[in-house]
Each structure stands twice: as structure tokens, then as C-alpha cells.
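**Q** Output the structure for:
(one chain, ligands or ions: 2)
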Amino acid sequence: MEAGRIVTENILELRNVTTVFGSGVMENVANKDINLQLAAEPARIISIVGESGSGKTTVARTLLGLQHPTYGEALWRGKDIAKLGKHERSQYRKEVQAVFQDPYGIFNPFYKINHVFDMILSRFKLANGKNEQREKVEASLQAVGLRPADVLGRYPHQLSGGERQRVMLARAHLIRPKVIIADEAISMLDVAIRATVMNILLDFRDNDGISTLFITHDLSAAHYLGGDIMVMRKGEVVETGNVDDVLHNPQHAYTQLLLSSLPNPDPDERWQTDISQLAELERAAGVSDR
Ligand SMILES: Nc1ncnc2c1ncn2[C@@H]1O[C@H](COP(=O)(O)OP(=O)(O)OP(=O)(O)O)[C@@H](O)[C@H]1O
Ligand SMILES: [Mg+2]
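**A** Ligands and ions are numbered 1, 2, ... in the order given. Now for the predicted structure:
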């Protein structure tokens, strides 16, 4: 995707991935000949947009090793994800983290929020001793704008949806992955919290070298995050490239259609208005100084 740059090793790559569900009349080609490359460095953001059923989640699940392609290859650092040995698999799990739409489903309601972090600390052996553990957890909570004292002793249901989403981002941050795969991670959040989460992902990119694969229905979110965009339709990638180029000069009729379905067909106008409003809301809420 980035011509002219010396390509470092790809952390994740899809090579001609085709994924078929069912057979016969029930056959459904969820992904068709998908190619994607994410270099280990520098960190960047790739958004995947497209209508419902276009195959975005299938791409995410394939990169997370939850779905194996029917044809083609899904690679982590050049190795087939389906064939990783035990040690490699645990390294891959550390480097590629998921953040989903509704984090409530993966919190255990009977455990306090601390538990989320304790599990990660022991599983990935991230710190030596209680003090270092506490410091690291607090730093990750602060990185997502949460006050440790407000969050740690509470149960999942005692947090708002936006707070739970940020706890999941703090959890991901604690692991210091190379890539976060965020599938509709902001869809359920209100506008101000959406901006907060997107700013967190931009900070992760700039401060921690963490890339994000960001799946969304929202073209304005893809535009705000910058980087690259992949437009999917019916299992295929119809257009890909720098998000500014693609959205300002869409080549494919489907991308043009997606853009024209926005309330205001002039992307800049709508986005700038929205985003300055978002920034204002955020400042008012004291959650960002952007
Ligand atoms: N496990 C499965 N078994 C059968 N069909 C599936 C399975 N997972 C996905 N599909 C089908 O594959 C296609 C792509 O689904 P996918 O979830 O990747 O779309 P999506 O772009 O994420 O959609 P949305 O925006 O609604 O989340 C759909 O037609 C879906 O019904
Ligand atoms: Mg989906």
C-alpha cells in the first residue's frame, strides 16, 4: 500500500484470502481474494469500511486466527497463523489484540475490574512484583483517560459503556501489542466518547507504536483516523489507498455511493464541522486537550 517506502517485515498479511461458508446453494463467499499488508513499523491505522455483510468481520477474525481461510494464507510475521507452534502462538497472541464492539460480553460480572488486568499480568508475565504490576496497570488506565482509583475496585456493571470500552483499550495497552484489531469498537458509543476512543488509538500509534485495524461503518471515523482505507463490498476489496485520496477522489462507484449516502456529500464540510464539535464536546467534558 505504501509504494516507495522500504518495506519492513509484515506483522500481518493476507495473501489472496478467500473464505467460503456453507456449500451448494447455501455457499457464501464471505471474503474473496483479499490482500492486505501491515508492516511491523511504522505504526499506522488501516480502516475497513463497507456495508453490512461485506466481509469485514471475517477479515478481522482471520487476522485474529479465529477463522482460517478456505484458500490463500493469513500470515503473522511471515508465518501461517494456522500453523504456529506453541511459543510462536503465544507471541502472536501478545502482538495481535482484539477490541470488540460490546466489551460487556467478555467481562466476568462476578469479578472486579482488577481481575481483567490480573489475568493479563500473569498470562503474559508483564511485571515483577506487586508494585510494578500496579504501576503498569495505572499507567495503562491513565493512557486511556481513566482514573485508576475510579475504576479498579468496581464491578463491570458499575461502569458506563464508554468506560468499559476504555478498560478494554487499557487492557490492550498493558500488553503493548503491535496491532489492535478493533471491530466496530465505537459503534455503540455516543459521539463524544467515540472521539475519545479514536484519540486514544491515535495516541497509541504515536506514543506506543501500536497499529490499529479499524473496522467501521462510519466513513467520517475512518477519515478522522487518517492512514489507509480499504473499501469492501460483497466479500471483495473494491478500493484501497490513503484515506484522504480515496475519500476525496473515489475511483470505484461503490465508494462514490457510500460517500453520497452521507448527509452532506462534501466530505470536508461535514467532517470538519463534526470533528470540531467533537473536540469541543471533549474539551467541555475535560477528557481531551486536542
Ligand atoms: N460463521 C459463519 N457461517 C456462515 N456464514 C457466515 C459466518 N460468518 C459470516 N458469515 C457470512 O459471511 C458474510 C460476511 O460476514 P461478515 O460478518 O464478515 O460481514 P461484516 O462486513 O462484518 O458485516 P457487519 O457490518 O454486519 O458486521 C455474511 O454474508 C455472513 O452472513
Ligand atoms: Mg461485522
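
**Q** Could you pull up phi and psi at the closest residue to residue 116 other than its chain neighbours?
**A** Leaving aside its chain neighbours, residue 116 sits nearest to residue 171 (5.5 Å; criterion: Cβ to Cβ, 6 or more residues apart in numbering). (C-beta placed from N, C-alpha, C; glycine too.) Backbone torsions of residue 171, given as degrees, to the nearest 10, read phi -60, psi -50.

**Q** repeat for residue 137
**A** According to degrees, to the nearest 10, residue 137 has phi -60, psi -40.

**Q** quick one, what contacts it?
**A** Residues in contact with residue 137 (Cβ atoms under 8 Å, 6 or more residues apart in numbering) are 114, 117, 121, 148, 152, 170, 174.

**Q** what number of residues lie near the residue nearest to residue 116?
**A** 22 (other Cβ atoms under 10 Å).

**Q** Contacts only, for it.
**A** Residue 171 neighbours (Cβ under 8 Å, 6+ apart): 116, 117, 120, 140.

**Q** Closest to residue 192 out of the residues you listed?
**A** When those are compared for distance to residue 192 (Cβ to Cβ), residue 140 wins out at 21.7 Å.

**Q** From ligand 1, how far off is the closest one?
**A** 28 Å (Cβ to the nearest ligand atom, to the nearest Å).

**Q** got it, and residue 142?
**A** According to Cβ to the nearest ligand atom, residue 142 and ligand 1 sit 32 Å apart.

**Q** Tell me which helix or strand that residue sits in.
**A** Element membership for residue 142 (DSSP states H and E) is helix 129-143.

**Q** Over to residue 221?
**A** Per DSSP H and E: residue 221 is located in helix 219-225.

**Q** about what we covered before: in a markdown table, list the contacts of residue 137 along with secondary structure, pLDDT and distance to ligand 1.
**A** Shown next, in a markdown table, are the contacts of residue 137 (DSSP: H, G, I helix; E, B strand; the rest coil; pLDDT from 0 to 100; distance: Cβ to the nearest ligand atom, whole Å):
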| residue | secondary structure | pLDDT | distance to ligand 1 |
| --- | --- | --- | --- |
| 114 | helix | 92 | 32 |
| 117 | helix | 93 | 29 |
| 121 | helix | 91 | 32 |
| 148 | helix | 95 | 33 |
| 152 | coil | 93 | 32 |
| 170 | helix | 93 | 25 |
| 174 | helix | 93 | 27 |
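
**Q** I'd like the next helix or strand past the helix holding residue 221.
**A** By DSSP H and E, the next helix or strand past helix 219-225 is strand 228-233.

**Q** ok, back up a step: so, in contact with ligand 1 or not, the helix holding residue 221?
**A** No: residues of helix 219-225 are not located near ligand 1 by Cβ under 6 Å from any ligand atom, the shortest gap being 13.4 Å.

**Q** Packing partners of that helix?
**A** With contacts taken as 3 or more Cβ pairs under 8 Å, 6 or more residues apart in numbering; DSSP states H and E, helix 219-225 sits against strand 45-50, helix 191-208, strand 211-215, helix 243-248, helix 267-285.

**Q** let's go with 7 Å and repeat that
**A** Packing partners of helix 219-225 (3 or more Cβ pairs under 7 Å, 6 or more residues apart in numbering; DSSP states H and E): strand 45-50, helix 191-208, helix 243-248, helix 267-285.

**Q** Any idea which of these has the lowest pLDDT on average?
**A** Within the helices and strands packed on helix 219-225, confidence is poorest for helix 267-285, with a mean of 47 (mean pLDDT).

**Q** neighbours of residue 128, just the number please.
**A** Neighbours of residue 128 using other Cβ under 10 Å come to 8.

**Q** any idea how far it is from residue 134?
**A** Residue 128 sits 12 Å away from residue 134, going by Cβ to Cβ, to the nearest Å.

**Q** picking up where we left off before, JSON lines for the contacts of residue 171, including neighbour count?
**A** Shown next, in JSON lines, are these (neighbours: other Cβ atoms under 10 Å):
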{"residue": "116", "neighbour count": "24"}
{"residue": "117", "neighbour count": "25"}
{"residue": "120", "neighbour count": "21"}
{"residue": "140", "neighbour count": "24"}
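
**Q** if we take those residues, which one ends up nearest to residue 81?
**A** For those, the nearest to residue 81 is residue 120 (21.1 Å; Cβ to Cβ).
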